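Engineer: Sequence and predicted structure are below.
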Amino acid sequence: LISPWMSGCADSHSNMGPASCFEKAYQLALAGKIDETAEYFTDDLLNFMKTNQDMTLQKVWAGRLNDGAVKGVKIIERHADEKNCDIKFFLLTNDGQMADGEETLVFEKGMWKFDKLKRVH
C-alpha cells in the first residue's frame, strides 16, 4: 500500500504529492501560465472566484508572488496526513531577499490543492 502523499513523481497532477503540487503550481505561475494553475485550487475557491469578479487567478497569484517580485520558492518543512499538508517555505525575491511563507494544501478528488486564496506570512 502506497500512501497518497508518498506517490510517484509523474507529471500528472493526480500522481503528485503535496510538495510537488505546491512547487508545480508556483512554477506555472512564475512562468506566467496562470490559467494552468486553476486545477491546483479547491472547487470551493474556484466557485468563489467565479462569483466574485474582482477575485481572479491573476490577482491571487499577483498577491502570492508580490506583484512579480518573487522569482522562486523553496520548501523548508512539511507535515502531511491523509487530508492536509502544511508547508513552510521561503519566497526568493528578485533583489535576493527571502521571505517566510506558510501554506496548507488539502487532498480533494485525488489531488493536492490550495484551499486558501492568500498565503500566510
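Structural biologist: Done, it's in. Numbers count the residues shown, from 1 in each chain.

Engineer: quick one: the most centrally placed residue in the chain from residue 49, how far?
Structural biologist: In the chain, the C-alpha nearest the mean C-alpha coordinate belongs to residue 22, at 4.0 Å (CA atoms, centre = their mean). Residue 22 is 19 Å from residue 49, where distance means CB to CB, to the nearest Å. Where C-beta positions appear, they are placed from N, C-alpha and C, glycine not excepted.

Engineer: go on, residue 28?
Structural biologist: 17 Å.

Engineer: need the helices for the chain, in chain order.
Structural biologist: Shown for the chain, the helices assigned by DSSP state H span residues 18-30, 43-51, 57-64.

Engineer: buried sites along stretch 41-61?
Structural biologist: 41, 42, 45, 49, 57, 60, 61 (16 or more other CB atoms under 10 Å).

Engineer: same question, stretch 106-120
Structural biologist: 106, 107, 111, 112, 113, 114, 117, 119.

Engineer: any chance of the buried residues of stretch 41-61 in CSV, plus pLDDT and distance to residue 67?
Structural biologist: Output for those, formatted as CSV (pLDDT from 0 to 100; distance: CB to CB, whole Å):
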residue, pLDDT, distance to residue 67
41, 97, 20
42, 96, 24
45, 94, 20
49, 93, 19
57, 95, 15
60, 94, 12
61, 95, 10
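
Engineer: Now for these: which two are most distant?
Structural biologist: 42 and 61 (15.8 Å; CB to CB).
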